[in-house]
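**Q** Sequence plus predicted model, see below.
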Amino acid sequence: MAGIATNIHAESRTARPKHVTEAPWVKWTLIGIALLYLTLLLVLPLITVFVQAFKKGLEVYLSAFDDEAARHAIILTLKTAAFAVPMNIIFGVSAAWAIAKFKFKGKNVLITLIDLPFAISPVIAGLVFVLLFGAKGWLGPWLNAHDIQVIFALPGIVLATTFVTFPFVARELIPVMQAQGVQEEEAATTLGAKGWYIFLKVTLPNIKWGLLYGIILCNARAMGEFGAVSVVSGHIRGETNTIPLHIQILYQEYKYASAFAFSTLLVGLALVTLLVKRFLEWKQEQSET
């Protein structure tokens with residue numbers, strides 16, 4: 001019996017686990033389903049946008065951007081992003097630093113509030129701002145008395161866009177800062193370093209790739225936001241229409257070539273965002289090795 005037990009023990013030590021693999025048809029079926037799904041929902045729509053945009057030639061494509069309302073839509077979109085993205089950077093860095101570096105009551109509540117725009121429809125967010133800052137809203141009479149216009153103007157568009165996009169920077173930085181820990185900041189403090197110096201010389205170099213990643217995503221969403229901006233803008237052509245709203249108007253007026261021409265701007269932005277995202281991920285992997 002002792003010999004049998006010894007042999008069994010020896011065989012268990014020398015036995016190697018066999019790799020469990022699926023049949024080849026399972027692998028290729030799953031790959032085919034994924035490729036078909038991406039082709040129908042991503043590749044074909046992208047190709048359609050560019051085909052329709054250049055269907056009538058380059059001259060017609062370029063003429064879509066000669067309209068004064070079109071140029072104003074582009075400028076307004078850039079202005080909105082120029083205001084919303086920096087505000088979200090400040091909020092995102094501050095919130096991520098507080099959540100990752102400090103212990104305080106209500107931390108989970110703050111994290112939940114940061115995720116709120118992901119759970120609320122952008123249209124609902126726009127309606128909330130109308131109820132707050134509209135002519136008959138809670139703050140409307142005071143704003144009218146001081147000749148301050150928020151709804152149907154740039155401030156309302158910026159507020160709606162900022163609300164929709166503020167989770168992106170914070171959500172990218174929170175896990176990065178939590179993984180970083182507080183040891184380096186504590187060491188810098190013991191050596192006599194102060195707040196801003198610690199942030200610029202210790203914290204920022206460690207979070208720079210995550211911060212850039214969040215900024216890229218935030219900017220892309222800000223320039224492509226439709227729902228919330230549609231509610232607070234009033235659809236005033238040449239005044240409060242951003243690029244997505246201008247595309248909608250062109251399409252409703254059966255100006256398909258111009259609508260698709262403008263759509264290529266947002267599609268191009270999305271493609272550039274993906275390329276920059278992949279580059280930042282590669283740089284982060286290189287810095288960690």
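**A** Okay, I see it. For clarity, every value in this text was computed on a predicted model and none was experimentally measured.
**Q** Next one: K277 relative to K283, how far apart?
**A** In this structure, K277 and K283 are separated by 11 Å, where distance is defined by C-beta to C-beta, to the nearest Å. Quick note: C-beta positions are derived from backbone N, CA and C, even for glycine.
**Q** actually L154, not the one I wrote
**A** When distance is defined by C-beta to C-beta, L154 is 35 Å away from K283.
**Q** in this protein, which spans are strands?
**A** Listed in chain order, the strands of the chain (DSSP state E) amount to none at all.
**Q** low-scoring stretches of it, by residue?
**A** Under the criterion of pLDDT under 70, the regions of the chain flagged as low confidence span 1-21, 288-289.
**Q** Please name the nearest non-neighbouring residue to the residue positioned nearest the centre of the chain.
**A** Central residue check for the chain by C-alpha atoms, centre = their mean: the C-alpha nearest the mean position is that of L217, 3.3 Å away. The shortest distance from L217 to any non-neighbouring residue, by C-beta to C-beta, 6 or more residues apart in numbering, is to F168 (4.6 Å).
**Q** again, but for F118
**A** P167 (6.2 Å).
**Q** mind listing what that neighbour touches?
**A** 114-118 (C-beta atoms under 8 Å, 6 or more residues apart in numbering).
**Q** for those, which one is nearest L266?
**A** P117 (19.7 Å; C-beta to C-beta).
**Q** Relative to T77, how far out is the nearest residue to N88 once chain neighbours are set aside?
**A** If the residues on either side of it in the chain are set aside, N88 comes closest to F166, at 4.8 Å by C-beta to C-beta, 6+ apart. Here F166 is placed at a distance of 18 Å from T77 (C-beta to C-beta).
**Q** Show me which of the two is the more surrounded one.
**A** The neighbour comparison of F166 against T77 (other C-beta atoms under 10 Å) goes to T77, with 26 against 22.
**Q** list the contacts for that one?
**A** T77 neighbours (C-beta under 8 Å, 6+ apart): 223, 242-243.
**Q** now do 10 Å
**A** 157, 161, 222-225, 229, 241-246, 265-266, 269 (C-beta atoms under 10 Å, 6 or more residues apart in numbering).
**Q** next one: I157
**A** I157 is in contact with 76-77, 79-80, 83-84, 126, 129, 150-151, 225, 228-230, 232-234, 240-242, 245, counting by C-beta under 10 Å, 6+ apart.
**Q** G134 now?
**A** The contact partners of G134, by C-beta under 10 Å, 6+ apart, come to 127, 140, 143, 150-152, 156, 232.
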